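Trainee: When you get a sec, could you give me coordinates for this:
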Amino acid sequence: MNDKTQQTALIKQKAFDLGFSHVGISKAGFLEKEARNLEKWLSNGYHGKMQYMENHFDLRTDPRKLVHDAKSVITILYNYYTPNKQQDPEAPKISKYAFGKDYHFVIKKRLKDFQDFITTNFGEVNMRGFVDSAPVMDKVWAKKSGLGWIGKHSNLVNKKKGSYFFIAEIILDLELETDIPIKDYCGSCTRCIDACPTEAIIKPYVVDGSKCISYLTIELKDEVIPKEFSGKMDNWMFGCDVCQQVCPWNRLATPHKESLFDPPADLLSLTKKEWQELDEHMYQKLFKKSALKRTKFQGLKRNIGFLST
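Mentor: Below is the predicted model:
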């Protein structure tokens, strides 16, 4: 076993030891095809008011500009699927990823441990870890690393476990053995396209982000949600899971084992009336270190109010 093979094997085993569900490796380099696609997507205005998507285009499309002399991209997936549901069928809905503690806090700690392991075992390595924290095309790197394909809904789909995953990366100047991308298994299926409440998936593999419920309830910071979406929100107040719920591959999803992703005791039992009467004190109590903090209290109240229009 040569050094590169041994290093790769050790790194992959450590990923599993830290609780990551899957790990893959690809060669760091310029994403030529993806750069063209991103440029077109931005020029069509599909990013809505997410102006940050226009920034750092060169960094977003070439990890060697994020980490000097980068040679490899390690991509790791962290399962967040849960069969748990909100008990009141009329209560405003929350995306599963936001049931528990904000994944940034959970995964960043593991990334730090992962990087410490690499330094301890391989000496001084120039590297950076990312989880939604920099201009990194995470789904592209996951695809290149053989962890799945990008579905028609633009999410990564793993052939064995579906799509309920957080994606993180370590970009480093260590040359490792790379994995082989797998083919697209969406076939002729259009369930995600047909089910999207706002018709945000305008054609296979292209999502108009400005129409996506996740964008409207999280990223859009305006005081009001555009009237054109009234009656189309499918009762989602934070994020949206519809395209994942209808995807046949998610029949293979298995419950996560991360206790920090478990919801607070009261969260899933809140009724429609209790959500509508939510005050800031209860908001702060329920959502300490939660992803729902992204909308802030007023944003969540805006979303809940809009569902009644």
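Trainee: what ranges do the strands span in the stretch 1-150 of the chain?
Mentor: Per DSSP state E, counting those that start in this stretch, the stretch 1-150 of the chain carries strands over the ranges 22-27, 72-79, 93-94, 127-130, 149-150.
Trainee: give me the low-pLDDT residue ranges for this structure?
Mentor: Low-confidence segments of the chain, defined by pLDDT under 70, are located at 1-2.
Trainee: Try it again at 50.
Mentor: Residue ranges of the chain with pLDDT under 50: none are present.
Trainee: Find the nearest non-adjacent residue to the residue nearest the centre of it, please.
Mentor: The centre of the chain sits closest to residue 166, judged by Cα atoms, centre = their mean, with a distance of 4.8 Å. Residue nearest to residue 166 in three dimensions, not counting chain neighbours: residue 78, with 4.5 Å by Cβ to Cβ, 6 or more residues apart in numbering. Every residue, glycine included, has its C-beta placed from N, CA and C.
Trainee: got the angle for the longest helix along the chain vs strand 72-79?
Mentor: Longest helix of the chain, by residue count under DSSP state H: helix 103-122. Put simply, helix 103-122 runs at 140 degrees to strand 72-79, going by axes from the mean of the first three to the mean of the last three Cα atoms, to 10 degrees.
Trainee: Could you list every helix and strand that helix 103-122 packs against?
Mentor: Under the contact criterion of 3 or more Cβ pairs under 8 Å, 6 or more residues apart in numbering; DSSP states H and E, helix 103-122 touches helix 3-17, strand 72-79, strand 127-130, strand 165-172.
Trainee: Work out the gap between that helix and the centre of the chain.
Mentor: Between the centre of helix 103-122 and the centre of its chain there are 19 Å (Cα atoms, centre = their mean, to the nearest Å).
Trainee: Same check on stretch 122-129?
Mentor: With Cα atoms, centre = their mean as the basis, stretch 122-129 stands 25 Å off its chain's centre.
Trainee: List the contacts of it.
Mentor: Applying Cβ atoms under 8 Å, 6 or more residues apart in numbering, the contact partners of stretch 122-129 are 7, 66-70, 108, 111-112, 114-115, 118-119, 134, 168-174.
Trainee: how about stretch 23-31: buried residues?
Mentor: Neighbour-count burial for stretch 23-31 flags 23, 24, 25, 26, 28, 31 (criterion: 16 or more other Cβ atoms under 10 Å).
Trainee: let me fix that: stretch 289-304
Mentor: Within stretch 289-304, the residues that count as buried by 16+ other Cβ under 10 Å are 290-295, 297, 299-304.
Trainee: again with stretch 135-155
Mentor: Residues of stretch 135-155 classed as buried by neighbour count (16+ other Cβ under 10 Å): 135-155.
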